[in-house]
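Q: What follows is a protein structure lacking sequence information:
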């Protein structure tokens, strides 16, 4: 009888340990989200790559691109992209969730399928057009990939876009970073709404590095908050963020 009891107790302990390991593993996977976009991090990555390609002296001796008139295009060649670490151009989202037995996490999705351009004239940002393919959104879990894509109705409306409403004065800079707001029209799921992006930008050698973010309410774009058995709750809003490198062609 005592042997049977020992077996039962041992089995229960093993189940608890395995369950705890599984929960910890799920927490590691589902809570492993990259940090918010950071101009400092993006600039450091660009400087490192350009120094590697051209030499430190050549990179350092370059005029401030933010004072240069012309049309600048999204650079899709520089940097690298993965969910965990992206040094190139990408667009994405951040949503707060609560998961069963795990707690609060931030769900993040990103795509590097981005195109677009901006135009600078006489000290003004006069136009911006950015498009992103949301059908290429990736997260840290393939199940979440599908849920996010379905929620954004990418089968019918895969392309999101942002268009600047009116010119924005660029503050004078000696090569340091600048901060500004960009008012424009954000289109997601075929629905267009006015938004204001908070932007930070800096010229790095032959590039302009821009990061930005804005909060959106999902219902405004007819996006259903994804649901799953593991999700206790998810906020009805999230942050659209981007990291973009621009070059002249």
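A: Cool, the structure landed. As the structure is a prediction and not an experimental result, all values here were calculated from the model.

Q: Assign a three-state SS to the residue nearest the centre of the chain, would you?
A: In the chain, the C-alpha nearest the mean C-alpha coordinate belongs to residue 92, at 3.2 Å (Cα atoms, centre = their mean). The three-state label for residue 92, taken from DSSP: H, G, I helix; E, B strand; the rest coil, comes out as strand.

Q: what are the bridge partners for it, then?
A: residue 110, residue 241 (DSSP bridges).

Q: Contacts only, for it.
A: The neighbourhood of residue 92, defined by Cβ atoms under 8 Å, 6 or more residues apart in numbering, consists of 108, 109, 110, 111, 137, 240, 241, 242. Where you see a C-beta, it was placed from the backbone N, CA and C, and this is true even at glycine.

Q: The fifth one: what's it in contact with?
A: What it means is residue 137. Contacts of residue 137 by Cβ under 8 Å, 6+ apart are 92, 93, 109, 110, 111, 145, 148, 149, 152, 154.

Q: from the residues you listed, which would you call buried?
A: Among the contacts of residue 137, those classed as buried by 16 or more other Cβ atoms under 10 Å are 92, 93, 109, 110, 111, 145, 148, 149, 152, 154.

Q: Any buried residues in the helix or strand hosting residue 128, and which?
A: Assigned by DSSP states H and E, residue 128 belongs to strand 124-133. Neighbour-count burial for strand 124-133, with 16+ other Cβ under 10 Å as criterion, is recorded at 125, 126, 127, 128, 130, 131, 132, 133.

Q: Can you name the residues bridging to the fourth one?
A: The one in question is residue 128. Beta-bridge partners of residue 128, as defined by DSSP bridges: residue 118.

Q: ok, and what's touching the longest strand along the chain?
A: For the chain, the strand that runs over the most residues, judged by DSSP state E, is strand 191-204. Identification of contacts with strand 191-204 by Cβ under 8 Å, 6+ apart yields 39, 43, 46-47, 50, 59, 62, 64-67, 162, 165, 173, 175-187, 208-214, 216, 220-222, 240.

Q: Just the helices from the protein, written as ranges.
A: With helices called from DSSP state H, the chain shows them at 2-30, 39-54, 56-60, 142-151.

Q: which residues of this protein score low on pLDDT?
A: Counting by pLDDT under 70, the chain shows low-confidence ranges at 1-32, 54-65, 67, 98-103, 226-234.

Q: now do 50
A: Judged by pLDDT under 50, the chain has its weakly predicted residues at 6-31, 56-62, 229, 232.

Q: returning to that earlier point: would you mind measuring from the residue nearest to the centre of the chain to residue 189?
A: Residue 92 sits at a distance of 16 Å from residue 189 (criterion: Cβ to Cβ, to the nearest Å).

Q: just residue 72 next, same as before
A: 28 Å.
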